[in-house]
Each structure stands twice: as C-alpha cells, then as structure tokens.
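1. Compute the structure for the input listed below.
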Amino acid sequence: MRISKLLLLAGLLGYATSSVAIDTTGWSCTGNCGTLGANGVVTLSPVVGSTAYGWVSTESGVVGLGLPGIGGVGSPDNGSRIRSSLFSATGGQNLSFYFNYVTSDGAGFADYAWARLLDSSGNQVALLFTARTAASGDTVPGFSMPAPAATLVPPSTPIIPGGPVWGPLGSDSGSCFDVGCGYTGWIQANYTIAASGNYRLEFGVVNWNDSDYNSGLAFDGATIGGAPIGPGGATHIPTLHEYSLLVMIMLLGGLGIWQARRRSARG
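-> This is a model prediction of the structure:
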C-alpha cells in the first residue's frame, strides 16, 4: 500500500513537471486544423513547458463557414473551425487560453478570427473575442466587429506588421496584401463562467469577400479552473493541499519502509 501511494505521488509529480503539448485528440475540426511547434513568426506560447500549439487556417477551408451576421459589409468566403471535447464547468470558474492571430490579408478584404463558448447543443453562450485588422489600432475587436466578452492580457492588441511567415498559411506564407497583414503575438484571454454546465470551446477563422491571402489562428493553454481542456474534457490538476497530503504520505511511507528494514536487520 505504501509503495503504491509512493508510485502515485511520483506519477502525479511527473505529470505536473513534464513537457506539455496541447492535445486536440477528440476535438472536432471543420476545414483545416492541426498542431505545430514553433514555426516562422509564431513562437511557442507562454504556457510553461508547452511544446506545441493548435491552429486553424483559411487555407483549404470550407466555403461559407463563418459567424452568421458578423463581419459588416461583405460576406465570408471560406474558413475553418475546431471545437473542443465537452467539458464541465461551474459558475465562477475561469476559462483561460492564449491566441495569436496571423494574417496575410488587410485593407477592405481583412479576414477575421474568433473564439466562442458553446453549450452542449452547440449554441453560443459567449463570443469570447474576434480578431481583425484595421488601418491602425487594435485587432480586437477590429473594424465592424463586436466587443470581446473575454478580458485580454495585454489589453492592447496591435498587429505586428509585415508579411508573416507561417506554415499554416500555405502558399501565402510571407505574403502581404495592403495595410493590416501581420500577427498579434500571444495574447491571453480570460472569461468567468456564469452558470454551471457542460460546454465546448470553439476557435475559428474566415476569409472575407474572397479566398485570396490566407489567415490563421494559433491557440494554446486552454484551461477551465486551471485544468487543461483535453481529449476527455478537463483533466484534474492536483491542488497544493492534495500535493501536501501526498508528500506526507510519501514521508510516512518512507519512514515505514526504513523501520521495517531496520527490524529485519536486527532479526
């Protein structure tokens, strides 16, 4: 029993300190999605130990996919989205994630990206953010876009200008159409869950008015109440109190083993 508890503690400690790559296994992708390590202008995210991030891209996206009624004058051309596995949350818990919007398009044809919180039936609970470039100023919410429901860190989200080099943009990697192309760098979004229930997290991106000059969204570190949202929903992370109890068990177990060996040596 003591040895089993020791092994349990070792496993938990190993889990907590090992490298972390986002796991989108079991997430539902429509269009073009994937995971990737540091590539071009998109570095690894600020998540400690992260070795990869998730992404969606308009490259080879689905025609007509976008957010109904969002975007102003014009219409969506093609896009992609990814939805997490169903996870449970209680009212007052914090939903958190990082995103990095990357676009080779700008001016009047500026594309946009988004994140939404959905209920178990796929209905929108909150439009967490939309990212879109303008001639100047922040990309969130961007021109003709609604204000975000999430709180952003940092709150300022200007585009880092230039033709962004990034694999998921396909043949448009390194290209730039007019003012507005570039990337935001990693931004953290935080949202307080209003009511207990089962939810999905959705990330998406769309080409606007035409399919030229692709855009994409990188994301990482999706957690609810500090627990990563993975293949089976949210994975529990032991609290400091739980770790303290496990450390105590380990010490008591070690003492018991030492005493048993001492008695055996005397016998």
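2. which stretches of the chain aren't confidently modelled?
-> Judged against pLDDT under 70, the low-scoring parts of the chain cover residues 1-21, 232-267.
3. Please enumerate the helices of the chain.
-> Counting by DSSP state H, the chain forms helices over residues 2-17, 240-266, given from the N-terminal end onward.
4. burial count for Ser45?
-> Other residues near Ser45 come to 23 when the count uses other Cβ atoms under 10 Å. Using the backbone N, CA and C atoms, a C-beta is placed for each residue, glycine as well.
5. Setting the sequence-adjacent residues aside, check what's closest to it.
-> Asp220 (3.8 Å; Cβ to Cβ, 6 or more residues apart in numbering).
6. wait, that neighbour sits on Ile22?
-> Yes - with contact defined as Cβ atoms under 8 Å, Asp220 and Ile22 form a contacting pair (5.4 Å).
7. and for these two, which residues touch both?
-> Residues within reach of Asp220 and of Ile22 at once, by Cβ atoms under 8 Å, 6 or more residues apart in numbering, are 50, 52-54.
8. In strands, which of these appear?
-> For the shared contacts of Asp220 and Ile22, the ones inside strands are 50, 52-54, with DSSP state E as the criterion.
9. Need these in CSV (columns: neighbour count).
-> Shown next, in CSV, are those (neighbours: other Cβ atoms under 10 Å):
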residue, neighbour count
Ser50, 18
Ala52, 20
Tyr53, 27
Gly54, 25
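10. circling back to that earlier point, for the shared contacts of Asp220 and Ile22, give me JSON lines that also has distance to Gly180.
-> Compiled in JSON lines, the shared contacts of Asp220 and Ile22 are given as follows (distance: Cβ to Cβ, whole Å):
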{"residue": "Ser50", "distance to Gly180": "28"}
{"residue": "Ala52", "distance to Gly180": "28"}
{"residue": "Tyr53", "distance to Gly180": "23"}
{"residue": "Gly54", "distance to Gly180": "24"}
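11. about what we covered before: so who does the residue nearest to Ser45 touch?
-> Asp220 is in contact with 22, 44-45, 47, 50, 52-54, 97-98, 186, counting by Cβ under 8 Å, 6+ apart.
12. same thing but 10 Å
-> With contact set as Cβ atoms under 10 Å, 6 or more residues apart in numbering, Asp220 has these partners: 20-22, 35, 44-47, 50, 52-55, 97-100, 186.
13. Could you measure from it over to Thr30?
-> Using Cβ to Cβ, to the nearest Å, one obtains 20 Å as the distance from Asp220 to Thr30.
14. With Val125 instead?
-> When Cβ to Cβ is the yardstick, Val125 and Thr30 sit 19 Å from each other.
15. And Leu169, by the same measure?
-> 19 Å.
16. Ok, Thr90 next?
-> Thr90 sits 29 Å away from Thr30, going by Cβ to Cβ.
17. Settle it for me: which of the two has more neighbours?
-> For Thr90 versus Thr30, neighbours defined as other Cβ under 10 Å are more numerous around Thr30 (16 against 11).
18. which one is the more buried one nearest to, not counting chain neighbours?
-> Setting aside the residues directly before and after it, Thr30 is nearest to Arg81 in space (Cβ to Cβ, 6+ apart), at 5.2 Å.
19. Just give me the neighbour total for the one you found.
-> The burial metric for Arg81, expressed as a neighbour count using other Cβ under 10 Å, is 26.
20. and what of the one 10 residues further on?
-> The criterion is other Cβ under 10 Å. On that basis, Gly91 has 10 neighbouring residues.
21. isn't it right up against Ile224?
-> No - because the distance of 11.9 Å does not satisfy Cβ atoms under 10 Å, Gly91 is recorded as not touching Ile224.
22. what residues do these two have in common as contacts?
-> Counting by Cβ under 10 Å, 6+ apart, the shared contacts of Gly91 and Ile224 are Ile193.
23. what are the ranges of the strands in the stretch 51-200 of the chain?
-> With DSSP state E, counting those that start in this stretch, the ranges of strands along the stretch 51-200 of the chain come out as 62-63, 76-83, 87-89, 94-103, 112-119, 124-132, 151-153, 160-161, 182-183, 187-192, 197-208.
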